[in-house]
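Student: Fold the following, please.
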Amino acid sequence: MKNLLITTIGNYNFLSVWSYGKTKNFDIITIDYTQDPTFKYPGIYKALQSLRDYDYYWMPDEDICLSTPEINKLFDMASKYRLDLFQPSVLEEPMSFPSWPMFIHRKGPEMVSTPFVEIMCPGFSRDGLLKCMDTFPKSNSGWGLDIIWAKLLGYQKMGLINSVIVKHSRKPMNGSNLYRILQEPPSTEMYRLLREYEVMMIPYVHKDSDPPSSMQSTIRRPIRRPNISPRELLKNTRMRRHN
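Tutor: Now for the predicted structure:
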C-alpha cells in the first residue's frame with residue numbers, strides 16, 4: 001500500500017512531528033505558501049496532477065498534530081475499512097480546538113460511519129480522490145468542499161477513524177494570513193458550490209450525542225464571516241518532498 005501526506009504549510013507547522021522516525025508507511029510532500037502563496041486545496045490540486053499513483057492520501061492542516069505511528073495507523077485503518085473518505089477524531093481540551101462537534105473524540109468503536117468529512121484533515125482513497133479533486137480549485141477557503149465531496153461519493157464509504165486522535169493546535173479561523181486575504185467571504189464560496197452541485201442540506205450531528213455506528217444528519221446553520229480585502233496570489237506552486 002502506497003500512501004501520501006500532502007498539504008500546504010507556512011512557518012507554523014507540525015512537519016517535524018509528522019516526519020519523525022524511520023517507520024513511516026507514507027511519503028510526505030509539502031507546499032510552502034510563504035514562498036509561493038496559495039490556498040490549501042488549490043495548491044494541493046496543482047501538485048496532485050503528477051501524484052496520482054498513491055493508494056491513500058491525507059491532507060491535514062498545518063496546525064494538526066499527529067505522530068508518525070498514528071499517521072501510519074490512520075492509513076492502515078482507512079484500508080481496513082475500505083474508506084473512500086476519512087479523517088481522525090479530534091481531541092477536545094484547552095490546547096486542542098475541534099471545528100465540528102461531531103468529530104470530537106469519544107469512547108466508542110474504532111471507526112464510525114459519517115455523513116461527511118471536514119476539510120481540516122481529510123483523507124481519500126485514490127478512487128475517492130479522483131471523484132472529488134476537480135472541486136479543489138473551486139474554493140480558496142475550502143468552505144463547502146466537504147459537503148460536495150459527500151454528495152460526489154454518494155454518501156457512502158466515509159468514516160471517522162475514532163481510534164486515531166489529532167490535536168488541532170489553533171482555534172478555527174486563527175490560522176495563516178493567507179486565510180485573511182480571500183477575494184470573497186468563505187460563505188459566498190460555500191453557497192456558490194451548494195448551488196452548483198444542487199446540495200440542499202448540510203449534514204451535521206449534535207455535539208451531545210454519543211457516536212453511534214452510523215451517524216444521523218441534521219442541518220447546520222453556516223456561520224457568517226466578514227468580508228476580507230483581496231490580494232493577488234501567485235499562480236505557480238512549489239512542492240517539497242520529505243524523506
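Student: Which strands border the strand with the most length in the chain, and is each parallel or antiparallel?
Tutor: Taking DSSP state E as the criterion, the chain has its longest strand at strand 158-168. If you go by DSSP bridges, strand 158-168 pairs up with strand 64-65 (antiparallel), strand 85-90 (parallel), strand 111-113 (antiparallel).
Student: Nearest to Y191 among those would be which one?
Tutor: strand 85-90 (22.1 Å; CB to CB). Every C-beta, even on glycine, is put in place using the N, C-alpha and C of the backbone.
Student: quick revisit: tell me the mean pLDDT over the longest strand of the chain?
Tutor: Strand 158-168 carries an average pLDDT of 96.
Student: what angle do the lengthiest helix in the chain and strand 158-168 make?
Tutor: Scanning the chain for the helix with the most residues, using DSSP state H, yields helix 68-80. On the basis of axes from the mean of the first three to the mean of the last three CA atoms, to 10 degrees, helix 68-80 is oriented at 170 degrees to strand 158-168.
Student: circling back to that earlier point, and the strands paired with strand 158-168, which is most packed in?
Tutor: Among the strands paired with strand 158-168, strand 85-90 has the highest mean neighbour count (mean count of other CB atoms under 10 Å), at a mean of 26.
Student: Rounded mean pLDDT for that strand, please.
Tutor: Regarding strand 85-90, the rounded mean pLDDT is 97.
Student: still on that earlier bit, of all the strands paired with strand 158-168, which one is nearest L193?
Tutor: Checking the strands paired with strand 158-168 against L193 by CB to CB gives strand 85-90 as the closest, at 16.4 Å.
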